[in-house]
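1. need coordinates for the below:
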Amino acid sequence: MQMLSDAVAENVGRGSMIRAMFEAGAALKKQYGEEAVCDFSLGNPDLPPPGIVARTLREAADKAGEAFAFGYMPNAGLPDVREALARHLSTEQGLALSGEDVLLTCGAAGGLNVLFRAVLNPGDEVLAPAPCFVEYGFYAANHGALFRTVPTRPDTFALDLEAVDAAVNARTRVLIINSPNNPTGQVYGREELAALCALLREKSERFGRPVYLASDEPYRFLVYDGAEVPPLLPLYPYAVLASSFSKSLSLPGERIGYLALSPLAEHRKRLMDGLALCNRILGFVNAPILGQRIAAAALGASVDADVYRQRRDTMAAALKDAGYEFLMPRGAFYFFPKAPGGDDVAFVERLRAHLVLAVPGSGFAGPGYFRLAYCVDEKVIERAAPALKKAFKE
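-> Numbering: from 1, shown residues only. As a prediction, the model looks like this:
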């Protein structure tokens, strides 16, 4: 008896390599103990949220008895929160946004699904530079679109504009980028983003409809060594920011994020009306009210990024000492080293035999590499160093 659709049955079968390793880790920890397993599989931030989060929750608890304290609201979010977020983004992006330019969503993932539902027709294409976050393909498929990856520059993972130029066609509706990048840690520079926007502007004019540039930016706050995440909204009228407070405030389970439109877009009210509708009809209705209150109160705050920098340096030292080839991350909290021997799936299995959990690069359209998430205690990284060296030598 067929219980699932064909597509879901297939996807359940192959699943997510990230979640598979996370679940394997739970079994190993049960068998060998928490301290024995070094789990770098999931980008689940372990730092406590900034103090403003707890204070805002206490204030919300004091008001919980008031009428409509947790009631429905406009689908786009609480008006005062939208205005506060718009002011914050105006400073960040270097041009004036209003509350009508932002929409509160159930995380960046919810925001991307809202965007895709609003702009995609069946058969449209979504492109992403690879390696990329594995879920993008599922999000596109949710709305009847085709998902394709575009190669980046070898070893550096910088944008390959020639490859993008060749890939964008009349069916391309969205190009999604992620900077700082999961899984590579790469940060795209101002010049390459400006060139990308110029390319997409020309393609939009040629094909007679916008090619949207969706920028997935949950790691914007987390860069190293003077790296900059350039503002994108001033560069392109069809740019859409998708972000969340999951990493910056250590609130991944609260599912609070947003979409922001470029004020340069002539018909952005029409687009925002569509986004607000899709927020409702996809079943989100509105972003969580507690998350919205926390986000508004904590704008500009973040966890201590210097902790992640120290962990990055510790992990880099362990990988270098063992002999791995890798690009030093410029942002986010991931390493993406080359898999010795070239078979990333086999090498990750070898690491697992040493109780070190990583994710094969194939899960990110980056075969031949593997991902290590260093949002863990520094002691875990130090404990993993001998096993990383043993696996490499084998």
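
2. can I see the domain layout of this structure?
-> Using automatic domain parsing, the domain parsing of the chain gives 6-49+303-393, 76-297.

3. worst mean pLDDT among those?
-> With a mean of 91, domain 6-49+303-393 has the lowest mean pLDDT of the domains of the chain.

4. I'd say residue 114 and residue 105 touch.
-> Yes. At 5.9 Å, residue 114 counts as touching residue 105 under the criterion of Cβ atoms under 8 Å. Every C-beta, even on glycine, is put in place using the N, C-alpha and C of the backbone.

5. quick one: which of the domains of the chain is nearest residue 62?
-> Closest approach to residue 62 among these (Cβ to Cβ): domain 76-297, 12.1 Å.

6. ends of that closest one, what's the gap?
-> One end of domain 76-297 to the other measures 18 Å (Cα to Cα, to the nearest Å).

7. distance from that domain to the middle of the chain?
-> Here the centre of domain 76-297 is set off from its chain's centre by 10 Å, with Cα atoms, centre = their mean, to the nearest Å.

8. which residues in the protein form helices?
-> For the chain, the helices defined by DSSP state H cover 6-14, 17-32, 51-62, 79-93, 107-119, 135-142, 161-167, 190-207, 268-281, 289-297, 305-322, 344-353, 378-393.

9. so which of the ones you listed gets nearest residue 68?
-> Here helix 289-297 is closest among the helices of the chain (Cβ to Cβ), at 9.9 Å.

10. quick one: that closest one to helix 51-62, angle?
-> 130 degrees (axes from the mean of the first three to the mean of the last three Cα atoms, to 10 degrees).

11. so which elements touch helix 289-297?
-> On a contact count with 3 or more Cβ pairs under 8 Å, 6 or more residues apart in numbering; DSSP states H and E, helix 289-297 meets helix 51-62, helix 79-93.

12. rewinding a little: what do residue 114 and residue 105 both touch?
-> 259, 279, 284 (Cβ atoms under 8 Å, 6 or more residues apart in numbering).

13. how about the last one, nearest residue that isn't a chain neighbour?
-> Read it as residue 284. The shortest distance from residue 284 to any non-neighbouring residue, by Cβ to Cβ, 6 or more residues apart in numbering, is to residue 106 (4.8 Å).

14. looking at residue 114 and residue 105, which is more packed in?
-> More crowded of residue 114 and residue 105, by other Cβ atoms under 10 Å: residue 105, with 31 against 27.

15. that one is in contact with residue 245, isn't it?
-> No. At 11.0 Å, residue 105 does not count as touching residue 245 under the criterion of Cβ under 8 Å.

16. so what's the backbone phi/psi at the spatially closest residue to residue 251 that is not a sequence neighbour?
-> Excluding its sequence neighbours, the residue lying closest to residue 251 (Cβ to Cβ, 6+ apart) is residue 245, at 5.3 Å. Backbone geometry at residue 245, expressed as degrees, to the nearest 10, gives phi -110, psi 10.

17. measure residue 245 to residue 97 for me?
-> Taking Cβ to Cβ, to the nearest Å as the measure, residue 245 falls 17 Å from residue 97.

18. between those two, which is the more surrounded one?
-> Neighbours were counted for residue 245 and for residue 97 using other Cβ under 10 Å; residue 245 has more, 27 against 24.

19. ok, now how distant is that one from residue 36?
-> 33 Å.

20. then residue 256?
-> 35 Å.

21. list residues touching both of residue 105 and residue 245?
-> 256, 257.

22. my guess is residue 225 meets residue 330, correct?
-> Yes. Taking contacts as Cβ under 8 Å, residue 225 lies within contact range of residue 330: 6.7 Å.

23. quick one: which of those two has more around it?
-> Higher neighbour count among residue 225 and residue 330: residue 330, with 23 against 11, using other Cβ under 10 Å.

24. correct me if wrong: the more buried one contacts residue 223.
-> Yes. Residue 330 is within contact range of residue 223, at 6.3 Å (criterion: Cβ under 8 Å).

25. quickly list what's touching both of those two.
-> 180, 187.

26. that older thread, does the residue nearest to residue 251 touch residue 298 like I think?
-> Yes. With contact defined as Cβ under 8 Å, residue 245 reaches residue 298; the gap is 7.2 Å.

27. give the contact list for the closest residue to residue 385 other than its chain neighbours.
-> Spatial nearest neighbour of residue 385, excluding adjacent residues (Cβ to Cβ, 6+ apart): residue 318 at 4.0 Å. By Cβ under 8 Å, 6+ apart, residue 318 lies in contact with 381, 382, 384, 385, 388, 389.

28. from these, list the buried ones, please.
-> Neighbour counting with 16 or more other Cβ atoms under 10 Å marks 381, 384, 385, 388, 389 as buried within the contacts of residue 318.

29. of all the residues you listed, which comes closest to residue 214?
-> Using Cβ to Cβ, those come closest to residue 214 at residue 381, 32.7 Å.

30. and residue 148, bridged to which residues?
-> residue 127 (DSSP bridges).

31. what about the nearest residue to residue 84 once chain neighbours are set aside, distance to residue 51?
-> In space, and not counting its chain neighbours, residue 84 is closest to residue 296: 4.7 Å by Cβ to Cβ, 6+ apart. Distance from residue 296 to residue 51, counting by Cβ to Cβ: 16 Å.

32. and the two? which has more neighbours close in?
-> Here residue 296 and residue 51 are set side by side on neighbour count (other Cβ under 10 Å), and the busier one is residue 296, at 19 against 10.

33. which residues touch the more buried one?
-> Residue 296 neighbours (Cβ under 8 Å, 6+ apart): 78, 80, 81, 84, 85.

34. which one of those residues sits closest to residue 170?
-> So of the contacts of residue 296, ranked by how close each gets to residue 170 (Cβ to Cβ), first place is residue 85, at 34.9 Å.

35. let me see the contact set for the closest one.
-> Contacts of residue 85 (Cβ under 8 Å, 6+ apart): 99, 102, 104, 258, 260, 295, 296, 299.

36. many thanks, we can stop here.
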